[in-house]
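Any chance you could fold what I've pasted below:
(one chain, ligands or ions: 3)
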Amino acid sequence: MFEKSTWIRLPRNVVVGHGVLDDTVAAVEELHLAGDPLVVTSPTPAEVAGDRVVEAFADAGLDPQVVRIEEATFGAVEDVIEVAADGDVGYLVGVGGGKVIDVTKMAAEDVDKGFVSVPTAASHDGIVSARASIPEGDTRHSVAAEPPLAVVADTEILADAPWELTTAGCADIISNFTAVRDWELAHRLKNVEYHEYAGALSRMTAEMLVENADSIRPELEESAWIVTKALVSSGVAMSIAGSSRPASGAEHLFSHQLDRIAPNPTYHGHQVGVGSIMTEYLHSGPKGQWRDIRDALASIDAPTTADELGLDSETVIEALTTAHEIRDRYTILGDGMSEEAAREAARVTGVI
Ligand SMILES: NC(=O)C1=CN([C@@H]2O[C@H](COP(=O)(O)OP(=O)(O)OC[C@H]3O[C@@H](n4cnc5c(N)ncnc54)[C@H](OP(=O)(O)O)[C@@H]3O)[C@@H](O)[C@H]2O)C=CC1
Ligand SMILES: O=C(CO)COP(=O)(O)O
Ligand SMILES: [Zn+2]
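Ligands and ions are numbered 1, 2, ... in the order given. Here you go, the predicted structure:
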């Protein structure tokens with residue numbers, strides 16, 4: 001008997017464009033949720049968007065509660081849960097960067113209430129996904145969380161955010177090329193379940209971003225539009241797959257390892273981008289497409305070397321040789337690279 005089943009949890013309303021922050025209340029009302037909103041935000045996002053969202057809910061006759069967080073920690077998640085558990089709170093609205101979005105979706109999952117994502121930075125595809133990533137000590141927990149019922153992405157605000165946040169979002173998308181390669185490899189070698197549609201969508205998203213790279217420029221609102229659409233599409237691919245596989249392979253393991261061992265880890269997207277150059281080299285060899293990945297990253301101002309990430313060579317080698325230990329996810333790193341091979345990959349690709 002055929003007993004397979006699958007759940008694909010997608011946002012119902014995705015509102016992207018100039019000034020759409022003012023449509024937040026309408027986008028939420030259309031979901032027919034009961035109760036009052038709990039708006040979670042952090043200092044800068046509150047100034048650029050959070051306070052306006054709170055005001056708009058109050059003007060609509062609701063009684064919004066507000067929690068401001070400083071960091072993405074389990075303590076911050078607990079603080080949000082405490083308020084979110086209140087019977088009057090019907091749903092949670094995260095207004096901020098990845099930090100706020102992750103904390104809000106984790107709290108929403110815990111109290112079993114709806115989550116609305118209002119990103120103020122197009123910095124990675126977590127703004128649409130059902131996963132959260134919370135650092136703890138020298139490790140990082142990537143956990144299942146509540147996917148957004150609605151996403152409201154105001155390109156006017158996103159284009160005004162620091163340019164590095166946008167280039168980090170672009171690099172996170174470009175890394176889909178190697179993530180899908182790793183997924184296909186794991187399917188062939190380890191019989192890991194592969195979803196053709198999610199894989200194709202993820203790859204196409206990266207292709208479209210690269211094709212539009214000329215229009216991705218600082219202070220150009222169209223850039224925020226292109227990147228946000230790609231982040232939504234990548235998030236949808238993850239929802240279809242029911243895992244982050246379409247958007248997270250060995251290049252992500254490398255970045256997660258840097259978050260643990262680097263003295264000053266930098267933006268997630270920038271780290272995975274550099275990782276992607278090297279893992280593409282491992283997949284396709286010295287004459288392969290790693291130059292295309294490097295050039296695509298360079299064309300949107302994203303880092304392509306250890307130096308530009310603020311890393312020394314030895315940290316890169318340590319991250320490459322130990323990244324396979326991060327989680328049980330088969331990738332081109334297999335059961336680990338030798339130090340010599342890691343040095344060669346990083347050297348040939350110009351990362352070190
Ligand atoms: N769920 C997932 O799949 C993933 C989650 N992550 C997580 O996401 C977080 C990183 O996300 P990221 O967005 O880079 O970081 P943050 O949310 O920390 O935002 C980066 C900085 O930008 C500020 N900021 C946000 N929006 C604006 C704006 N519009 N204008 C000016 N400044 C702004 C923030 O201010 P302030 O300090 O006031 O908030 C913060 O100082 C980490 O916690 C990481 O673990 C990373 C990758 C994937
Ligand atoms: O960053 C992600 C996808 O771009 C999520 O990946 P992880 O599952 O590795 O945290
Ligand atoms: Zn990522």
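
Quick check: which ranges of the stretch 151-300 of the chain have low pLDDT?
Along the stretch 151-300 of the chain, the model assigns pLDDT under 70 to no residue.

Near ligand 1, which residues of it? Just list them.
Contact residues (C-beta under 6 Å from any ligand atom) of the stretch 151-300 of the chain with ligand 1: I157, A161, P162, L165, Y267, H268. Every C-beta, even on glycine, is put in place using the N, C-alpha and C of the backbone.

what's near enough to touch the closest residue to the second one other than its chain neighbours?
Distances taken as C-beta to C-beta, 6 or more residues apart in numbering place A121 nearest to A161, at 4.6 Å, with adjacent residues excluded. For A121, the residues meeting the contact criterion (C-beta atoms under 8 Å, 6 or more residues apart in numbering) are P45, G96, G97, G98, L158, A161, P162, L165, T166, G169.

So A121 versus E164, what's the distance?
Going from A121 to E164 by C-beta to C-beta, to the nearest Å gives 10 Å.

and if you look at S5?
42 Å.

Tell me which of these two has more neighbours.
E164 (18 against 5; other C-beta atoms under 10 Å).

mind listing what the more buried one touches?
Applying C-beta under 8 Å, 6+ apart, we find E164 in contact with Y267, H270.

Tell me which residue in the stretch 1-150 of the chain sits closest to ligand 3.
Nearest residue of the stretch 1-150 of the chain to ligand 3: H124, at 4.9 Å (C-beta to the ion).

Tell me which helix or strand the closest residue to that residue other than its chain neighbours sits in.
Nearest in space to H124, with sequence neighbours left out and distances taken as C-beta to C-beta, 6+ apart, is D172 at 4.5 Å. Per DSSP states H and E: D172 is located in helix 163-174.

Close to ligand 2: what parts of the stretch 51-200 of the chain are there?
Contacts of the stretch 51-200 of the chain with ligand 2, taken as C-beta under 6 Å from any ligand atom, map to H124, D125, G126, R131, S133, S142, D172.

How many neighbouring residues does Y91 have?
Neighbour tally, Y91, other C-beta under 10 Å: 22.

Return the distance of it relative to A132.
For Y91, the distance to A132 - C-beta to C-beta - is 17 Å.

now T321
Taken as C-beta to C-beta, the span from T321 to A132 is 28 Å.

Between these two, which has more neighbouring residues?
Ranked by neighbour count (other C-beta under 10 Å), T321 and A132 place A132 first, with 24 against 19.

wait, what's in contact with that one?
Counted by C-beta under 8 Å, 6+ apart, A132 has contacts D102, V103, K105, M106, G126, S142, V143, A145.

so is the residue lying closest to E221 once chain neighbours are set aside in a helix, a strand, or just coil?
Among residues not flanking E221 along the chain, A159 sits closest, at 4.3 Å (C-beta to C-beta, 6+ apart). Secondary structure assignment for A159 (DSSP: H, G, I helix; E, B strand; the rest coil): helix.
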